[in-house]
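# fold the stuff below for me.
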Amino acid sequence: MDQLHIENFAKTFRKKFDKKQMAEIKERLVAVPDEKLDQVMKADYKSPYGMSWIAWLVGEFGVDRFILHDTKKGIITLIFFWAFIPWVISWWTIEKRTRKYNFEQFEKAIAGSTVVVETTEAGE
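As a prediction, this is how the structure comes out:
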């Protein structure tokens, strides 16, 4: 992949990864063929700040865990929602967990694995 596409990716998704991850991503994007560019760009990256709001509003029910495909911990949080401790933990750690999820989505995209891809209706 050329440097222009790499910088474009970095500017577009810089808030969805931490600085260490972004440095590694830039290094790894050099070896990614142009055919996979679309798959890498369309992977389902979540906003850490948006996920913070979700964790704050409905984290006591484990919604943030389900969104990040962490079903086991989501169920545990749902069972113990009355204790509020899972909600506090969830809210405190959501940005880090979201960035980890995003990095995993990136790794799947460059490996050619199936990734969750956002879809939009034509004409939007």
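# and the helices in this structure?
3-13, 19-29, 37-41, 48-58, 63-67, 71-79, 85-111 (DSSP state H).
# so what's the closest residue to residue 87 other than its chain neighbours up against?
Distances taken as Cβ to Cβ, 6 or more residues apart in numbering put residue 60 closest to residue 87, at 3.8 Å, once the chain neighbours are dropped. Every C-beta, even on glycine, is put in place using the N, C-alpha and C of the backbone. By Cβ atoms under 8 Å, 6 or more residues apart in numbering, the residues touching residue 60 are 77, 81, 84, 86-87, 90.
# now the residues you listed as a markdown table including distance to residue 17?
Output for the contacts of residue 60, formatted as a markdown table (distance: Cβ to Cβ, whole Å):
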| residue | distance to residue 17 |
| --- | --- |
| 77 | 25 |
| 81 | 30 |
| 84 | 30 |
| 86 | 26 |
| 87 | 26 |
| 90 | 20 |
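# just the buried members of the residues you listed?
The neighbour count (16 or more other Cβ atoms under 10 Å) marks 77, 81, 86-87, 90 as buried among those.
# closest to residue 1 among those residues?
residue 90 (35.6 Å; Cβ to Cβ).
# I am finished for the moment; much appreciated.
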